[in-house]
Each structure stands twice: as C-alpha cells, then as structure tokens.
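Colleague: Sharing a model that was predicted from the sequence below.
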2 protein chains.
Amino acid sequence: MSFEILLKSITQHIALSESEQEGLKAHFKIKKIKKKHFYLQEGDVQQFVTFVSGGCMRSYSIDENGVEHILQFAPTGWWIADMHSILNQTPATLNIDAVEDSELLLIRRTDLEKLYDSIPQLNRFFRILTERSLASFQHRLIDGLSLTALARYNNFCERYPTLIQALPQKYVASYIGITPEFLSKMLSQPMKKR
Amino acid sequence: MSFEILLKSITQHIALSESEQEGLKAHFKIKKIKKKHFYLQEGDVQQFVTFVSGGCMRSYSIDENGVEHILQFAPTGWWIADMHSILNQTPATLNIDAVEDSELLLIRRTDLEKLYDSIPQLNRFFRILTERSLASFQHRLIDGLSLTALARYNNFCERYPTLIQALPQKYVASYIGITPEFLSKMLSQPMKKR
DNA sequence: CGCGACGTTGATTTGCCTCAACGATTGTGG
DNA sequence: CCACAATCGTTGAGGCAAATCAACGTCGCG
C-alpha cells in the first residue's frame, strides 16, 4: 500500500511507535492526478504538504512572456510544494502538475502543525529533509552561475540518470535554463565531450 | 553581549528554559574575523554551524576560470555554512570570508547533534529556519531563470535596501550573476525603469 | 485519419562577456 | 604625511553563447 513508502522514508530518519504511525496515517489522504493535469495553479494558496507516492510531478513558474521555468521534478518518494505559499499562506507563484499519472499523499498544513506537537520527532525529520533539499538547491544555483549549458546538461544526466529517460526533452531544457531549440542543437553536436 | 542576539532569534520561535539557555550558551564560542579574511576555504571540512553576531560574511564558489560566484551574504543575525560540507562531512566547495570586520558564534556540529537530543525543540527552530531559507533560494533560482540582469538587480535593491549600501558593486554583480563591467554599464543607462 | 505536441534545423539577433586601458579611491609602509 | 601600489568602478571595441522566429517532419493519440 502506498502509505508504506511514505512511512519507510520517515522511519529511515526517526523512530515511530505503532500508535504514532497510525496517528500519522490518519491525517493523510490520497489524491490521484492524471498526466498533465494540475495539482496547484498560480494564485491558489497551498493548503497541503505533499508527498509523491507514485509517478512524477513538477513545479514551475511562468514568466511574463509565457515561458515555463521548471523549479523541481518530484518522482516517487519526493515531496513537492510551493514553499513560499505554504509557509506564508500567500497565493502561489508556482504551478504544479503531473509529468505522468501520479499518486499523492496529502496532509493539511494545519494538521501537520498539530502533529509537530504530538510527535516532536517529526520536526527532526522535516529538518533533515529540508536541509538536504536546501543543500541541493544551493548547488544548483552555483551551477547555474558557473557552468555552461552543456555542462549543466551533463550534470543533470549524471545526477538523474533514470529520471531523464522519462522526461520530454523540453522539460529538461527548461530545468537547466535553456530553450528547447538550443538543447536540441547542443545534442546534435557530435564532439564536445558528451 | 553578542550571545543575546542569537538567543533572541531562537526564542522568537521556540521557548527555552533558563537552564536550556545556559546549556546552549556553553556550546558556542566566539570568533572574530577581519574584513577579507577567510573563515572557510574550499577543501576544508566544515565542523561548525555558524551564526553571524556582528558584521557581514559571504559564501561563494570559484569556478575553473577563477571567477567568484557569490551564493549568500550573511549580515548580523543570519547563519552561514557550506551546507553540503557540513551535512556530509565532505570537503567544502565554497569559500566563506568576511565582507567587513565580523563576529561569529560557532557550535561544533557534533555538539549540536547532542543538543538536538537534550533540547528537542531545537529541531523545530532549525526546521523553520531552513524552510525559510529554502523558500528564498527557490525564489532566487526562479528569478535567475526568468528575469533579465536589470530586473534581478532591481529585485536585489528592493529586497536588501540596507545591505546594498555596504557592499562593493562587484559583489552585487557576482550575486546576481553578471560581470562587474556589465553592471556598471547597466547602471549608467539613464532610462530603462530604474 | 487528422490534429496537436514535440523535436529539428536554419537565419538572424541580442544580452552579456572578454579584454584592455584609464581615473579615482583607499590603504599602507617609509 | 606623502608616495606608491592595490583595488575598484568606468568606458569602449569586439566577440560569443544562447535566444528568437519561422518552417518543417514525425509521431502518438483521440
């Protein structure tokens, strides 16, 4: 059952008693999303902290020219959110939709706040989760400032070898910050240490 | 005394008893750094979680051409670290030095781990701290993907109106991801909605 | 089958970089 | 207190990586 994979990822970092596990489970609900359908749209206020129990999601913003910029992919086992919206209860600036048919586990933000009190160890879990996420976003930012488009592409392939096979090329282009046309041209160059 | 400002920033989010405050204090030590002197150099393994109790620090990487890319400024009241190095105990890829004469409060990573056990609420504090930091890095990444150099500059001025006055222009250029020359040219353009 | 989404390719443009030279300011040692 | 070096910002000429715009082939899918 899909709650198992969430539990497994949590108990990897903190210990939970039977009753705590039950208490946790009681607050999550399942939501299924079909490929390309929205989970969150710009302007909504995000109410749920979201775990991807199957499939793959993406978050992205749309700039004033209508171009998409992908912030994150979230395959099975990852969390995804518009952090700013959920922390400050402001309208989202990000969109989140399904890259493929997906299944989500949702917990209402206010319920999670309560759980932090009844299961203090959850603070530890989300601290660790967030720390790692922060480290990886910092790394990505540095890469964006210092590497060429090609180097960023190769980086992406190394880091997410399985993901890349499931993604349309234009999503990868958007993630690494170039146009689909330019990525296509890069890949058709034979040499250049690929 | 400089420990007060750290305490104030913590007790804003969690409650600490007298004895907990003492316990906390006992694990921090003070370090002073003169302007332009290093606190952390690429290749070191970071051992200390670091709070800036006075002055201003910066973290940055140096690319293969010797160009600096600033990841973060940390004025008084902020934390600064090479997250990846401190989490995984690997050699740092970042450098950290003082933008102006500064004072730091350090706690050994292993001591902090112990404190997480004796003062579980600290997990909550650092969870919240890291969540906010994550949200702001995500925002910066999106800006980097969707905005022009000028828009990023104006953004920076709005977000850090006081900081900007204390920084050499070339640091700002590095932070927003352009060369000092180009920033200079941008600023000398009269029009263009400045 | 036919339509829309996707990738490709080419011609042209542009935002930003590189390199180099030059004042202005700062700071430092004698 | 001055001379000198180092650092910083400015300006100009030229170059390049990546964007833009447009046209076209292909494929998966309703």
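Modeller: Everything's here; your move.
Colleague: Domain ranges for chain A, per the record?
Modeller: Domain ranges of chain A: A:2-129, A:147-194, per automatic domain parsing.
Colleague: is the longest one anywhere near chain B?
Modeller: Yes. Judged by C-beta under 8 Å from any C-beta of the partner chain, domain A:2-129 comes into contact with chain B at A:61, A:63, A:67, A:69, A:71-72, A:83-84, A:87, A:93-94, A:116, A:120-121, A:123-124, A:126-127. Using the backbone N, CA and C atoms, a C-beta is placed for each residue, glycine as well.
Colleague: circling back: let me know which of the domains of chain A is tucked in deepest.
Modeller: The highest average neighbour count among the domains of chain A, using mean count of other C-beta atoms under 10 Å in any protein chain shown, belongs to domain A:2-129 at a mean of 17.
Colleague: Is DNA strand C within reach of that domain?
Modeller: No. Domain A:2-129 lies out of reach of DNA strand C by C-beta under 7 Å from any atom of the strand, never closer than 7.6 Å.
Colleague: Okay, now that domain: how far is its last residue from its first?
Modeller: Domain A:2-129 has its terminal residues 20 Å apart, counting by C-alpha to C-alpha, to the nearest Å.
Colleague: what helix or strand does A:Phe58 sit in?
Modeller: Phe isn't right for residue A:58; it's Arg. Counting by DSSP states H and E, the element that carries A:Arg58 is strand A:48-62.
Colleague: neighbouring strands for that strand, and are they parallel or not?
Modeller: Strand pairing for strand A:48-62, determined by DSSP bridges: strand A:68-75 (antiparallel), strand A:79-80 (antiparallel), strand A:95-108 (antiparallel).
Colleague: could you redo the ones you listed as TSV and give each row mean pLDDT?
Modeller: Listed next are the strands paired with strand A:48-62 as TSV, based on pLDDT from 0 to 100:
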stretch	mean pLDDT
strand A:68-75	98
strand A:79-80	98
strand A:95-108	97
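Colleague: Could you report the distance from the residue of chain A found nearest DNA strand D to DNA strand C?
Modeller: In chain A, the residue that lies nearest DNA strand D is A:Phe182 (3.3 Å; C-beta to the nearest atom of the strand). Relative to DNA strand C, A:Phe182 is positioned 8 Å away (C-beta to the nearest atom of the strand, to the nearest Å).
Colleague: Which of the helices or strands spans that residue?
Modeller: Going by DSSP H and E, A:Phe182 is in helix A:180-188.
Colleague: In strands, which of the residues of domain A:2-129 next to chain B fall?
Modeller: A:Ser61, A:His69, A:Leu71, A:Gln72 (DSSP state E).
Colleague: For the second one, give the beta-bridge partners.
Modeller: Beta bridges link A:His69 to A:Ser61 when assigned by DSSP bridges.
Colleague: Would you mind finding the longest helix in chain A?
Modeller: Counting by DSSP state H, the longest helix found in chain A is helix A:121-146.
Colleague: which strands and helices sit next to that helix?
Modeller: Helices and strands touching helix A:121-146, as assessed by 3 or more C-beta pairs under 8 Å, 6 or more residues apart in numbering or on different chains; DSSP states H and E, comprise helix A:109-118, helix A:149-159, strand B:68-75, helix B:83-88, helix B:121-146.
Colleague: re earlier: include distance to B:Ile30 when you put the domains of chain A into CSV, please.
Modeller: Putting the domains of chain A into CSV (distance: least, C-beta to C-beta, whole Å) gives the following:
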stretch, distance to B:Ile30
domain A:2-129, 25
domain A:147-194, 38
